[in-house]
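Colleague: Let me see the structure of the following:
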Amino acid sequence: MIHPSQVVSIHPYFKVKPGKLAEAKAVLARFVAQTQKETANLYYDFTINGDVIFCREAYVGAAGLEAHLGNVGAILAEFTQIVDILRLEVHGAASELEKLKPALAGLNPEYFVFETGVKR
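Modeller: Residues are numbered from 1 along each chain as shown. Here you go, the predicted model:
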C-alpha cells in the first residue's frame with residue numbers, strides 16, 4: 001500500500017455554464033476513458049451537485065499528477081470552454097507540492113500540506 005505522504009490529490013470544482021450540463025456530462029466519460037490508461041492514478045471519479053461538477057482524483061506523487069495533466073490536456077482545454085473552475089485544491093507532501101507549483105501556477109490552486117494519516 002502507498003503511504004498517504006506519497007499521494008498527491010487534486011480537487012477541482014467546476015461550474016457548468018448555462019445550458020451546457022448534458023454536454024459537460026458527455027465529456028466526463030472521455031476523461032475517465034483517457035485516465036484509465038494511467039498507471040500512477042489511484043482513483044478518479046466525478047460527482048455532481050446541480051450545475052457543479054467535482055472530480056475526486058489522486059496520483060502517486062507529483063510525477064503522477066503531471067503525467068495526468070499531459071494525458072488529459074486536450075480534453076481539459078475543451079471542457080473549460082463549457083465550465084468555469086470554481087475552486088482548485090492540491091493536497092500532498094510539501095516536497096511534492098513544490099514540484100507542481102510551476103505547472104499549476106496559471107490555475108491559482110490552494111495548496112494543502114500533508115500532516116498525518118492512516119497507513120494500511
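Colleague: Do you have the helices of this structure handy? List them.
Modeller: Under the criterion DSSP state H, the chain carries helices at the ranges 21-35, 61-79, 94-104.
Colleague: Deepest-packed of these, please.
Modeller: helix 61-79 (a mean of 17; mean count of other Cβ atoms under 10 Å). In short, each C-beta sits where N, CA and C put it, glycine included.
Colleague: Now do that helix: everything it contacts.
Modeller: 6-8, 10, 14, 24, 27, 30-31, 34-35, 37-38, 40-42, 57, 59, 90, 92, 96-97, 99-100, 103 (Cβ atoms under 8 Å, 6 or more residues apart in numbering).
Colleague: Just the mean pLDDT for that helix, thanks.
Modeller: For helix 61-79, mean pLDDT rounds to 97.
Colleague: quick one, it and helix 94-104 angle?
Modeller: Here the directions of helix 61-79 and helix 94-104 differ by 30 degrees (axes from the mean of the first three to the mean of the last three Cα atoms, to 10 degrees).
Colleague: Export helix 61-79 to PDB, keeping only CA atoms.
Modeller: Presented in PDB, the C-alpha positions along helix 61-79 are these (Å, rounded to 0.1, in the frame of the first residue of the first chain):
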ATOM      1  CA  GLY A  61       3.400  11.800  -6.400                       C
ATOM      2  CA  ALA A  62       3.800  15.000  -8.400                       C
ATOM      3  CA  ALA A  63       5.000  13.000 -11.400                       C
ATOM      4  CA  GLY A  64       1.700  11.100 -11.500                       C
ATOM      5  CA  LEU A  65      -0.300  14.200 -11.500                       C
ATOM      6  CA  GLU A  66       1.900  15.900 -14.100                       C
ATOM      7  CA  ALA A  67       1.500  12.800 -16.300                       C
ATOM      8  CA  HIS A  68      -2.300  13.000 -15.900                       C
ATOM      9  CA  LEU A  69      -2.400  16.700 -16.900                       C
ATOM     10  CA  GLY A  70      -0.400  15.900 -20.000                       C
ATOM     11  CA  ASN A  71      -2.600  13.000 -20.800                       C
ATOM     12  CA  VAL A  72      -6.000  14.900 -20.500                       C
ATOM     13  CA  GLY A  73      -4.800  18.300 -21.600                       C
ATOM     14  CA  ALA A  74      -6.700  18.400 -24.800                       C
ATOM     15  CA  ILE A  75      -9.900  17.300 -23.200                       C
ATOM     16  CA  LEU A  76      -9.400  19.800 -20.300                       C
ATOM     17  CA  ALA A  77      -9.000  22.600 -22.800                       C
ATOM     18  CA  GLU A  78     -12.300  21.700 -24.500                       C
ATOM     19  CA  PHE A  79     -14.000  21.200 -21.100                       C
END
